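Asker: Below are the sequence and a predicted model for it; my questions follow.
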Amino acid sequence: MRLFLITRILLLPILLLGLAQPVFANSNINPSLWKIEKNGVTSYLLGTVHLGDQQMAGLPSYVKSAIEKTDKLVVEVDLSKVNPIEQQQIMMNYMLLPAGKTLQSELSAKNYKALSNYMAKLGLGMELFQQMQPFAVMLQITLMEYQKAGYQDSFGIDKQVMNVAQRLQIPIMQLETLEQQMGMFKGFSKHNNKMIEDGLKELADMDKYFNRLIGNWKRGNDSALENYYRETFTGDSYSALTEKVLLTDRNNNWVEQLKAPLTKQPHFIAVGALHLYGPEGLLKLLEKEGFKLSKKNK
């Protein structure tokens, strides 16, 4: 499940490059939308997923209606602020290994062999990946597996929300820059082997580690998503680092950025679903700041 978090951040900039998405109302899904109120100002918070299946084509009418009621869209990163060449340069700076290092040198013999065997089943040779950081390699194969399982970026919720906002000419606020997002992975190198071990395990059981998350998101099952969060972070050092760097530190930073603007004008906040849950999730942090939260699913 930690693989989902890592690849979500890495995939988001790639998957947001094109924005021609369905805008019709979708009654097949019922994700949780949260109304946020303080000082007479009403905003909305939607947990998103970046890849979806055919059932996720189009946003529910209550989500579109909420977007229409707001003055600003808030997202993790807005790639319209960075030109495509600069985007590629930033990502390559972080995804490639420094001179003198190879993928094989960064992994144990056991994990390198396991990864080689996995690649062979995909018809890929390891020579294609020797200069890539281990997390970037997992990004590549995870995207391939998601696509094989029927998930497409064209049905991702982040993309569809941004498309609606752009059609309505709603200004977009980003919480982070692309470089900030990529820079989060600097401290993960000492956990390269754990990342590969966990990643291959999760990819071998998509139903447990990804399909269940998507299914509960579609149904707006917050208790199940809260349980998913608890199962993901088990207390080992890699788990603790992942939770701190990818979720709790960012959540606290985001609330610090948002707490004043949310009392002045209506915002629609669309960020990764797991950011909402846990002891330092956005739901609890916003409540601590005096915001009233209520669930809206129709």
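Answerer: Nice, I can see it.

Asker: Show me where the stretch 1-150 of the chain has its strands.
Answerer: 33-38, 41-48, 72-75 (DSSP state E, counting those that start in this stretch).

Asker: got those strands as a markdown table, with distance to residue 270 columns?
Answerer: No exception for glycine: its C-beta is placed from N, CA and C like everyone else's. Formatted as a markdown table, the strands of the stretch 1-150 of the chain follow (distance: least, Cβ to Cβ, whole Å):
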| stretch | distance to residue 270 |
| --- | --- |
| strand 33-38 | 10 |
| strand 41-48 | 5 |
| strand 72-75 | 6 |
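
Asker: Distance to residue 118 and mean pLDDT for the ones you listed - can I get that in a markdown table?
Answerer: As requested, those are exported to a markdown table (distance: least, Cβ to Cβ, whole Å; pLDDT from 0 to 100):
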| stretch | distance to residue 118 | mean pLDDT |
| --- | --- | --- |
| strand 33-38 | 38 | 98 |
| strand 41-48 | 29 | 97 |
| strand 72-75 | 33 | 98 |
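
Asker: Torsion angles phi and psi at the nearest residue to residue 211 once chain neighbours are set aside?
Answerer: Once flanking residues are discounted, residue 211 sits nearest to residue 149: 7.5 Å by Cβ to Cβ, 6 or more residues apart in numbering. Main-chain dihedrals, residue 149, degrees, to the nearest 10: phi -80, psi 0.

Asker: Name the residues that touch the one helix or strand residue 293 maps to?
Answerer: If you go by DSSP states H and E, residue 293 is part of strand 292-296. If you take Cβ atoms under 8 Å, 6 or more residues apart in numbering as the criterion, strand 292-296 is touched by 32-38, 44-45, 62, 66, 220, 222, 283, 286-287.

Asker: Tell me the helix or strand right after the strand or helix carrying residue 164.
Answerer: According to DSSP H and E, residue 164 maps onto helix 157-167. Scanning forward in sequence from helix 157-167 by DSSP H and E, the next helix or strand is strand 172-174.

Asker: For that following strand, which helices and strands make contact with it?
Answerer: strand 72-75, helix 157-167 (3 or more Cβ pairs under 8 Å, 6 or more residues apart in numbering; DSSP states H and E).

Asker: Extract the CA atoms of the first one and return them as CSV.
Answerer: Output for strand 72-75, consisting of C-alpha atoms alone and laid out as CSV, is shown next (Å, rounded to 0.1, in the frame of the first residue of the first chain):
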residue,chain,number,x,y,z
LYS,A,72,-10.7,28.8,-6.4
LEU,A,73,-9.5,25.2,-7.0
VAL,A,74,-6.7,23.9,-4.7
VAL,A,75,-4.6,21.0,-6.0
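
Asker: how close does residue 267 get to residue 181?
Answerer: Residue 267 sits 20 Å away from residue 181, going by Cβ to Cβ, to the nearest Å.

Asker: let me redo that: residue 194
Answerer: 21 Å.

Asker: Which of the two has more residues huddled nearby?
Answerer: Neighbour count, other Cβ atoms under 10 Å: between residue 194 and residue 181, residue 181 has more, with 22 against 18.

Asker: Which strand or helix spans the more buried one?
Answerer: Here residue 181 is assigned to helix 178-183, by DSSP H and E.

Asker: Just after that helix, pick out the following helix or strand.
Answerer: Following helix 178-183 toward the C-terminus (DSSP H and E): helix 192-203.

Asker: After that next one, heading C-terminal, what element do we hit next?
Answerer: helix 206.

Asker: Other residues contacting that following helix?
Answerer: By Cβ under 8 Å, 6+ apart, helix 206 touches 145, 149.

Asker: again, only this time at 10 Å
Answerer: Contacts to helix 206, defined as Cβ atoms under 10 Å, 6 or more residues apart in numbering, come from residues 145-146, 148-149, 151, 212, 214.

Asker: Off-centre distance for that helix?
Answerer: 17 Å (Cα atoms, centre = their mean, to the nearest Å).

Asker: Now do that helix, average pLDDT.
Answerer: Regarding helix 206, the rounded mean pLDDT is 80.

Asker: Quick check on the residue in the chain sticking out farthest from the centre: phi, psi?
Answerer: No residue in the chain sits farther from the centre than residue 100, which is 31.6 Å out by Cα atoms, centre = their mean. The phi/psi pair for residue 100 (degrees, to the nearest 10) reads phi 90, psi -10.
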